[in-house]
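> Coordinates for the following, if possible.
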Amino acid sequence: MLGISRSNHESTSGEDRVVEWVDPHNLRSVVDLSLPTEGVGHKELLTLTRDIIKYSVKTGHPHFVNQLFSGLDPYGLLGQWLTDALNPSVYTYEVSPVFSLMEEDVLREMRAIIGWQGGEGLFCPGGSMANGYAINLARHH
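Now for the predicted structure:
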């Protein structure tokens, strides 16, 4: 599947490098990053995809450590593929019945972990947004 399976193995096995380092000037000559006015064919798209995978940092590699994240969880990857494929908008039951109920259950479990019987919750798209919400909440507490 577009080399993703091979890349995932290389990333998690530790057999290959974390990154095939190429300085920016040379990378531009190796990977075609031009923005053509017309679309490209299947063969060109596969070549570009393989190049992107080859020269990207393998964040699932056991020797990759970053200040914000590390590793690749295959179950998390499956969840990401599922949400990308379905593109659910989890704001009403009508447009996202399964994910709306799933969100309620996860929030209920999270409240139980910290000992709360009731309450509401909000999922954030990332740590920076979560920190922003926390600062805003603290200001108005």
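
> Going by C-alpha atoms from here, please, whenever you check contacts or count neighbours.
Noted.

> Work out for me the element the residue nearest the centre of the chain sits within.
If you average the C-alpha coordinates of the chain and look for the closest C-alpha using C-alpha atoms, centre = their mean, you land on residue 80, 6.6 Å from that point. Mapping residue 80 onto the secondary structure by DSSP states H and E places it in helix 74-86.

> Residue 100 too?
Element membership for residue 100, per DSSP H and E: helix 97-113.

> Mind listing what's buried along that helix?
Residues of helix 97-113 classed as buried under the neighbour-count rule (16 or more other C-alpha atoms under 10 Å) are 99-100, 107-108, 111.

> cool, and stretch 81-97?
Neighbour-count burial for stretch 81-97, counted by 16+ other C-alpha under 10 Å, picks out 90, 96.

> The strand or helix carrying residue 48 - contacts with which helices or strands?
Using DSSP H and E, the element containing residue 48 is helix 42-55. Contacting helix 42-55 under the criterion 3 or more C-alpha pairs under 8 Å, 6 or more residues apart in numbering; DSSP states H and E are the following elements: helix 4-13.

> what mean pLDDT does the helix or strand just after the helix it packs on have?
Later in the chain than helix 4-13, the nearest helix or strand by DSSP H and E is helix 24-30. Per-residue pLDDT over helix 24-30 has a mean of 95.

> How far off centre is helix 24-30?
26 Å (C-alpha atoms, centre = their mean, to the nearest Å).

> buried set for it?
Of the residues in helix 24-30, none has enough neighbours to count as buried (16+ other C-alpha under 10 Å).

> Show me what that helix is packed up against.
Using 3+ C-alpha pairs under 8 Å, 6+ apart, helix 24-30 is in contact with no helix or strand.

> what's in contact with it?
Helix 24-30 has contacts (C-alpha atoms under 8 Å, 6 or more residues apart in numbering) with no other residue.

> hey, C-alpha coordinates of it in CSV?
Extracted C-alpha coordinates of helix 24-30, given in CSV (Å, rounded to 0.1, in the frame of the first residue of the first chain):
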residue,chain,number,x,y,z
PRO,A,24,17.8,21.0,1.8
HIS,A,25,19.5,22.2,-1.4
ASN,A,26,20.3,18.6,-2.5
LEU,A,27,16.9,17.3,-1.3
ARG,A,28,15.2,19.7,-3.8
SER,A,29,17.2,18.1,-6.6
VAL,A,30,16.3,14.6,-5.5
